[in-house]
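Colleague: Sequence and predicted model, in that order:
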Amino acid sequence: MSPDGATGQVSGDVRRHNLTLVLEHLVRVGPSARSEISDATGLTRGSVTALTQVLVEAGILSETAPVGGSKGRPLTRLTISADRIALLGVQVAADEVSSLTVSLAGEELDRGSRPHGRPMGDPEAVLDVLAGAVREAWDAATASGRRIADLTIVVLAPVGGRPPRVLGDIALGWEEVDVVAGLLRRLPDLPPDIVRLESDIPLAATAELAALKATGDAVFIKGDSNVGGALVVNGRVVRGAHGLAGSMAHVPVVPDGKLCECGQHGCLVTVAGIDALLDAAGDDPRPMRQSPSAALEGFVARVLADDARAVAAWDAAVAWIARVLQIIAAASDPRVVVIGGHWARLTPSIAGAFQANRAAIASPGSAYATEVLAGILGADAGLRGAVEAARDRLLADPASLTKFNA
Ligand SMILES: [Zn+2]
């Protein structure tokens, strides 16, 4: 069958755009009848019939068993099957490598995690563990008859350069590391064109906002082994001229404050980062060396249990976190502020301190107020964001979708 024969006179670009409209509708809404797709997308019934026929023949869509329709006529719905395709995200955190494999429709297919022992300053040892995790997830997908159409490596560190590299990871003691090259050296069979390297923050921001159904302008801030943030304008993460936008950790908020690793004085991370919190709370440093994430989880539990020293440490940090958010909110007027990572569980205290010093026009209850919401994805946010972004890239390119599902 000639793919162009399906829609006759429309150009390739328009047709690709229309295919993407159909697929995006099915991802957003779930199984839908052709008439429902037509109503929702504004495409004509005939056009939807032709477009979906192409996708059904390519195995991207399948028909559900007919069910009773509104007028008693049985209704056949279309659902995304693409059961040869899988999307893989693998995250390198301060203590472990974790993986998530999903179908194009977002269904979770496989999950894995393995500790890397946090060998400080030794990227090769961590890359060995990363390669093992990728190999295992890859083999699991292959065994279930699927091909990985996209592999995103997620790091809790800034990414830049061309090809993209980790610019430095304080939690792992890394300077610049070319993670993708290191992975391809270990797994030479990996098709290089499907491998990407991304920083977790923009991915986590997008995934949390999608999970909270928060649209439009937003500020995201997250506290884990790293502190980071993102400015979201019109649903898109602002990258900035050099890809450094949203560096909430390095807003120099404390006048004449401590020297930060970045070279500035008084950065937010010097008063609200994991080291500052655990030091002030008098926490045992040993868990921190093993697993910063577990150490921070322990700290949050102490705050929630009203442990006096932990509460005092958190209150001192919250004042600075709120100040940074107030400055960014005044500058960008977001509809929501979303708190991610371990800090999410402490959102009420951040929200309280944030709302305590806002302009009258932007105070809670006003039509111009900014709402502060707790993120709901926890440590999964970056991985979720990675596979959702991969899905969106594939949906925007129906030709490669068809190729991978073959
Ligand atoms: Zn700094």
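Modeller: Thanks, I have it.

Colleague: Every contact and neighbour count from this point should use C-alpha atoms.
Modeller: Fine.

Colleague: now stretch 135-149, how far from the centre of its chain.
Modeller: Stretch 135-149 sits 22 Å away from the centroid of its parent chain (C-alpha atoms, centre = their mean, to the nearest Å).

Colleague: Would you mark the buried spots in that stretch?
Modeller: 137-138, 140-141, 146-149 (16 or more other C-alpha atoms under 10 Å).

Colleague: Please enumerate the helices of the stretch 301-406 of the chain.
Modeller: Ranges of helices within the stretch 301-406 of the chain are 308-332, 347-355, 381-395, 398-405, based on DSSP state H, counting those that start in this stretch.

Colleague: If we look just around the ion, which residues of this protein are in range?
Modeller: The chain has residues 250, 260, 262, 267 near the ion, with proximity defined as C-alpha under 5 Å from the ion.

Colleague: In contact with the third one, which residues are there?
Modeller: Same thing as Cys262. His250 (C-alpha atoms under 8 Å, 6 or more residues apart in numbering).

Colleague: Tell me, what's the model's pLDDT at it?
Modeller: Cys262 carries a pLDDT score of 88 in this model.

Colleague: For it, give its distance to Asp128.
Modeller: Taking C-alpha to C-alpha, to the nearest Å as the measure, Cys262 falls 29 Å from Asp128.

Colleague: got it, and Gln355?
Modeller: 46 Å.

Colleague: okay, these two: which has more neighbours?
Modeller: Gln355 (19 against 14; other C-alpha atoms under 10 Å).

Colleague: pretty sure the more buried one is in contact with Gly365, am I right?
Modeller: No: if you go by C-alpha atoms under 8 Å, Gln355 and Gly365 don't touch, sitting 10.8 Å apart.

Colleague: Chain neighbours aside, what residue packs nearest to Pro255?
Modeller: Leaving aside its sequence neighbours, Pro255 sits nearest to Gly266 (C-alpha to C-alpha, 6 or more residues apart in numbering; 6.3 Å).

Colleague: so what pLDDT did that neighbour get?
Modeller: If you check Gly266, the pLDDT there is 97.

Colleague: Any figure for the gap between the residue in the stretch 101-250 of the chain that the ion sits nearest to and Leu104?
Modeller: When scored by C-alpha to the ion, the stretch 101-250 of the chain has His250 as its residue closest to the ion, at 4.0 Å. His250 sits at a distance of 37 Å from Leu104 (criterion: C-alpha to C-alpha).

Colleague: In terms of neighbours, single out the busier of those two.
Modeller: Per other C-alpha under 10 Å, whichever of His250 and Leu104 has more neighbours is Leu104, with 26 against 21.

Colleague: Mind checking what secondary structure the more buried one has?
Modeller: At Leu104 the chain is in coil, as set by DSSP: H, G, I helix; E, B strand; the rest coil.

Colleague: Pull the number of nearby residues for the closest residue to it other than its chain neighbours.
Modeller: Leaving aside its chain neighbours, Leu104 sits nearest to Arg391 (6.0 Å; criterion: C-alpha to C-alpha, 6+ apart). Applying other C-alpha under 10 Å, we find 24 other residues in the vicinity of Arg391.

Colleague: Is it correct that Leu184 is in contact with Pro192?
Modeller: Yes: look at Leu184 against Pro192 with C-alpha under 8 Å: they come within range, at 7.2 Å.

Colleague: low-scoring stretches of the stretch 151-300 of the chain, by residue?
Modeller: The stretch 151-300 of the chain contains no residues with pLDDT under 70.

Colleague: What's the first helix or strand after the host helix or strand of Val54?
Modeller: For Val54, the element it lies in under DSSP states H and E is helix 45-57. Sequence-wise, the next helix or strand downstream of helix 45-57 (DSSP H and E) is strand 61-63.

Colleague: Distance from that following strand to the middle of the chain?
Modeller: How far strand 61-63 lies from its chain's middle: 28 Å, per C-alpha atoms, centre = their mean.

Colleague: Over to stretch 380-397?
Modeller: Centre-to-centre, stretch 380-397 and its host chain are 8 Å apart (C-alpha atoms, centre = their mean).

Colleague: May I have it as CSV, with CA atoms only?
Modeller: What follows is stretch 380-397, C-alpha atoms only, in CSV (Å, rounded to 0.1, in the frame of the first residue of the first chain):
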residue,chain,number,x,y,z
ASP,A,380,10.6,8.8,39.6
ALA,A,381,10.0,12.3,38.2
GLY,A,382,13.1,12.5,36.0
LEU,A,383,12.6,9.0,34.5
ARG,A,384,8.9,9.6,33.9
GLY,A,385,9.7,12.9,32.2
ALA,A,386,12.3,11.1,30.0
VAL,A,387,10.0,8.5,28.7
GLU,A,388,7.2,11.0,28.2
ALA,A,389,9.5,13.3,26.2
ALA,A,390,10.6,10.2,24.1
ARG,A,391,7.0,9.4,23.4
ASP,A,392,6.3,12.9,22.3
ARG,A,393,9.3,12.9,20.0
LEU,A,394,8.1,9.6,18.4
LEU,A,395,4.5,10.7,18.0
ALA,A,396,5.8,13.8,16.2
ASP,A,397,7.6,11.5,13.7
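
Colleague: Show me the contact partners of stretch 159-169.
Modeller: Outside stretch 159-169, the residues that touch it by C-alpha under 8 Å, 6+ apart are 155-158, 174-180, 197-199, 243.
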